[in-house]
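**Student:** give me the fold of what follows.
(2 chains)
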Amino acid sequence: MIGFVVRRLLLLVPVLVGLVVLLFAWLRALPGDPARALLGQRATPESIAQVNAAYGFDQPLPVQFVTYVGRLLRGDLGSSSASGEPVLDTFLSRFPATIELSLAALLFAVVLGIPLGYAAARRAGGALDTLMVGGSLLGVTIPVFFLAYLLKIVFSQWLPWLPTSGRQDPRIDATHVTGFYVLDGILTREWDASWDAVVHLVLPGIALGTIPLAIIVRITRASVLEVLGEDHVRTARAKGLPRALISRRHVLRNALLPVVTTIGLQTGLLLSGAVLTESVFAFNGIGAYLFQAISQLDYAVLQGFILFIALTYALVNLVVDILYGVIDPRVRLS
Amino acid sequence: MSEALEPSTPAGAPDPDAVGSGGLWHSAWRRLRRNPTAIAGAVIVLAFLLVALFAPLIAPGTPGVPLPNSGVTPSSVPGPSPGHPLGLDSPGTDLLTQLVFGARQSLLIGVVSTALGLAGGAVLGVLAGGLGGWVDTVVMRLVDILLSIPSLLLAVSVAAILGQRPISVMIAIAAAQVPIFARLLRGSMLAQRGSDYVLAVHSLGVRRRTVVMSHLLPNSLGPVIVQATLTLATAIIEVAALSYLGLGASNPSTAEWGRMLVNAQSRLATDPHLAIWPGACIAVTALGFTLLGEALREALDPKGRK
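**Tutor:** Predicted coordinates for the structure are as follows:
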């Protein structure tokens, strides 16, 4: 097990190195002037030269690359050319918001998706099944930001039950220990603050969670249908085992493997979706940060962001592979 | 994008049906016609195509031209009136006109970017799957790296760098599709490579290039076509997403659904219909392509052929 994890982490190295080189080459090879993007079209040549010197954009490319890699190895992602703040610090301070949002979305998708998919498979061909299959297709094709808008319209105009922006009511004077607002409230025993953060997560969580929900319903349905047709399930039935036991031990356990893989693959989608969801709900995570970086051609932020996301994505997939072995002992980690 | 990462069954040639003239496609077509999903998808896609093609005939006005004395105020926009069946939008242009011409923009960007992505992916996939060896290793590592970036973020980074032009949106969306097509085509070609008919062709002494181009490639296209249909749905959503993020076409006179959504943002509370119309257009069009793609996948799946 430990050997497996170490090997997988080592395999990550060439991928990340490749990514660093590609990103650097890509960002520099294409037209676009970061200093001009930062200062606007009417900037004087002097001020542009000044910015270029400050961020090292005037150095020859190989020098820029070596400097960049050297900093990267020391864990320095550089500074934003727009705000001057270190990219890593901003990520770390904003990442909890995005994680909280992504977890809320995943929770919504998994808690609802697995039972719905299972129910659809048990009554395959029935009304519920047809509804689920149709609904999941619609769920996949509805754009995240459109759904976010719809939720915002419904809950700000017609049913003013839930907050439609921000992470916490600004009137609540909450102490922040970890940056995870829900957790902070629990740690400091400020239950109101915790609850308020939870309530603020509902709408963005639903908006972000709908695509994964639709996909999980579909995968669970397909996977359960396949397992239901297998011999061991028939044997279990013939033995006269209780239905609930068959469902839990023989069907669900075997059917969950592809579902777990899918949940892992969804992480990438969640992070993409978070960029859009966060901007609609004024949720201050890394998505909103990227949104700013785009308009300012902030190389350091864009580069750092993509590396950061790729690393997160790779680590999540590693966790998924480890979970595989836990769920299905037949899958040996080698 | 998860569609591409599911293992897909290659529409195999080693089936007696497929050997005749267009057997595989013929039977797939037969099954498509009987599938209600396919029909629903085809109707939506066809309607979208017709609207895009005949936009100037359908639309009551000219896109992107705010009407003089439009009556748009900070608090509301004019509702339906004779000549403007859906009313006006917030810059004071006719809403229906914008929607109809928006279809054009979505179709153009969606089709061109998918074609670019498919072409790029096909080149990489054929190199990897056809040549094998170290070429395969290098190409697939590159594809792995690209796949490790979520597609929208890849598109965002490309569009951010290339600047606000329609062509950069197309390239950005295509770039995100290349690794998916490459991997799909390679997998599908590898599955073919071991099959009996390829061995037979090889043993007849046919050159490798001919084997790859006239046997492996045509027989590996099924899943690629399915993916291309599904990708069109994603592309249409991503066009809107990029516009929404401020990376779309910068020319305000081109009607674009994503930008209509952005313009509607500030009026969400008073005029939600301004967001609902373009949003629904994006969702329905994407749904049409998805339905069609799903139906195609089923029709081309050898498992379904009885």
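
**Student:** low-confidence stretches in the stretch 151-300 of chain B?
**Tutor:** B:249-253 (pLDDT under 70).

**Student:** chain A contacts on that one?
**Tutor:** By Cβ under 8 Å from any Cβ of the partner chain, the residues of the stretch 151-300 of chain B that approach chain A are B:151-153, B:156-157, B:159-163, B:233, B:237, B:240-241, B:244-247, B:261, B:264-265, B:268-269, B:272, B:275-276, B:279-280, B:282-283, B:286-287, B:290-291, B:294. The way it works is simple: take the backbone N, C-alpha and C, and place the C-beta from them, glycine included.

**Student:** pull out the buried members of those residues.
**Tutor:** For those, a burial check counting by 16 or more other Cβ atoms under 10 Å in any protein chain shown picks out B:151-153, B:156-157, B:159-162, B:233, B:237, B:240-241, B:244-247, B:261, B:264-265, B:268, B:272, B:275-276, B:279-280, B:282-283, B:286-287, B:290-291, B:294.

**Student:** how about B:Leu88, phi and psi?
**Tutor:** phi -110, psi 160 (degrees, to the nearest 10).

**Student:** the bottom helix or strand of chain A by mean pLDDT?
**Tutor:** Every helix and strand in chain A was compared by mean pLDDT, DSSP states H and E; the lowest is helix A:34-39, with a mean of 65.

**Student:** so what's B:Ser113 up against?
**Tutor:** For B:Ser113, the contact set (Cβ atoms under 8 Å, 6 or more residues apart in numbering or on different chains) comprises B:169-174, B:177, B:235, B:239.

**Student:** I figured B:Asp136 was touching B:Arg186, is that so?
**Tutor:** Yes - counting by Cβ atoms under 8 Å, B:Asp136 sits close enough to B:Arg186 to count as a contact (7.5 Å).

**Student:** these two: which is more packed in?
**Tutor:** In this view B:Asp136 and B:Arg186 are compared by other Cβ atoms under 10 Å in any protein chain shown, and B:Arg186 has more residues nearby, 24 against 16.

**Student:** in contact with the more buried one, which residues?
**Tutor:** Listed by Cβ under 8 Å, 6+ apart, the contact partners of B:Arg186 are B:124-125, B:128-129, B:136, B:139-140.

**Student:** which single one of these is nearest to A:Ile114?
**Tutor:** For A:Ile114, the closest of the contacts of B:Arg186 turns out to be B:Met140, at 32.7 Å, with distances computed as Cβ to Cβ.

**Student:** do I have it right that A:Tyr267 meets A:Val316?
**Tutor:** Slight slip there: residue A:267 is Thr, not Tyr. Yes - judged on Cβ under 8 Å, A:Thr267 makes contact with A:Val316 at a distance of 4.5 Å.

**Student:** what does the pLDDT read for A:Phe91?
**Tutor:** Listed pLDDT for A:Phe91 reads 85.

**Student:** now B:Ala103
**Tutor:** Looking at B:Ala103, the pLDDT reads 90.

**Student:** so it: helix, strand or coil?
**Tutor:** For B:Ala103, the secondary-structure state derived from DSSP: H, G, I helix; E, B strand; the rest coil is helix.

**Student:** neighbours of it, how many?
**Tutor:** B:Ala103 is flanked by 25 other residues according to other Cβ under 10 Å.

**Student:** enumerate the residues of the stretch 101-250 of chain A near chain B.
**Tutor:** If contact is defined as Cβ under 8 Å from any Cβ, the residues of the stretch 101-250 of chain A in contact with chain B are A:137-138, A:140-146, A:149-150, A:152-153, A:156-157, A:215.

**Student:** which ones are touching residue 202?
**Tutor:** Going with chain A. With contact taken as Cβ under 8 Å, 6+ apart, A:Val202 is in contact with A:104, A:162.

**Student:** that was the other one, I meant chain B.
**Tutor:** Contacts here follow Cβ under 8 Å, 6+ apart; on that basis B:His202 touches B:Val211.

**Student:** which residues of the stretch 51-200 of chain B fall in helices?
**Tutor:** Under the criterion DSSP state H, counting those that start in this stretch, the stretch 51-200 of chain B carries helices at the ranges B:55-58, B:95-126, B:133-147, B:151-162, B:166-193, B:196-203.

**Student:** quick check, A:Phe145 in contact with B:Tyr244.
**Tutor:** Yes - between A:Phe145 and B:Tyr244 a contact is recorded at 5.5 Å, counting by Cβ under 8 Å.

**Student:** spit out the residues that contact the two alike.
**Tutor:** In terms of Cβ under 8 Å, 6+ apart, A:Phe145 and B:Tyr244 are both contacted by the residues A:276, B:261.

**Student:** my guess is A:Ala310 contacts A:Leu19. True?
**Tutor:** Yes - assessed by Cβ under 8 Å, A:Ala310 is found in contact with A:Leu19 at 5.6 Å.

**Student:** give the residues shared as contacts by those two.
**Tutor:** Common neighbours of A:Ala310 and A:Leu19, counting by Cβ under 8 Å, 6+ apart, are B:148-149.

**Student:** just to revisit the earlier point, identify the contacts common to B:Asp136 and B:Arg186.
**Tutor:** Both B:Asp136 and B:Arg186 are in contact with B:128-129, where contact means Cβ under 8 Å, 6+ apart.

**Student:** in chain A, which spans are strands?
**Tutor:** All residues of chain A lie outside strands when identified by DSSP state E.

**Student:** rounded mean pLDDT for the helix ranked longest in it, please.
**Tutor:** Looking only at chain A and at elements set by DSSP state H, the helix with the highest residue count is helix A:191-228. The average pLDDT for helix A:191-228 rounds to 89.

**Student:** same question, stretch A:160-174
**Tutor:** The average pLDDT for stretch A:160-174 rounds to 79.

**Student:** residue ranges with poor pLDDT in the stretch 1-150 of chain A?
**Tutor:** The model of the stretch 1-150 of chain A has pLDDT under 70 over residues A:26-41, A:55.

**Student:** also the stretch 201-334 of chain A?
**Tutor:** The stretch 201-334 of chain A contains residues with pLDDT under 70 at A:295, A:297, A:328-334.

**Student:** the helices in it, which residues?
**Tutor:** Assigned by DSSP H, counting those that start in this stretch, the helices in the stretch 201-334 of chain A fall at A:231-238, A:243-245, A:253-280, A:286-295, A:299-327.

**Student:** pull out the buried residues from the first one.
**Tutor:** Spelled out, that is helix A:231-238. Using 16+ other Cβ under 10 Å, the residues of helix A:231-238 that count as buried are A:233, A:236.

**Student:** any idea which residue of the stretch 51-200 of chain A lies closest to chain B?
**Tutor:** Distance from chain B to each residue of the stretch 51-200 of chain A (Cβ to the nearest Cβ) is smallest for A:Phe146, at 3.5 Å.

**Student:** so where does the spatially most central residue of chain B fall, helix or strand?
**Tutor:** The residue lying closest to the centre of chain B (Cα atoms, centre = their mean) is B:Leu232, at 1.1 Å. Using DSSP states H and E, B:Leu232 sits within helix B:221-244.

**Student:** ok, then the element right after that helix?
**Tutor:** Note on helix B:221-244: by DSSP H and E, the next helix or strand toward the C-terminus is helix B:257-265.

**Student:** give me the distance between the residue nearest to the centre of chain B and B:Val239.
**Tutor:** Distance from B:Leu232 to B:Val239, counting by Cβ to Cβ, to the nearest Å: 11 Å.

**Student:** find residues that contact each of the two.
**Tutor:** Common neighbours of B:Leu232 and B:Val239, using Cβ under 8 Å, 6+ apart, are B:Gly110.

**Student:** can you redo the helices of the stretch 51-200 of chain B as CSV with distance to A:Thr67?
**Tutor:** Listed next are these as CSV, based on distance: least, Cβ to Cβ, whole Å:
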stretch, distance to A:Thr67
helix B:55-58, 51
helix B:95-126, 32
helix B:133-147, 22
helix B:151-162, 20
helix B:166-193, 27
helix B:196-203, 51
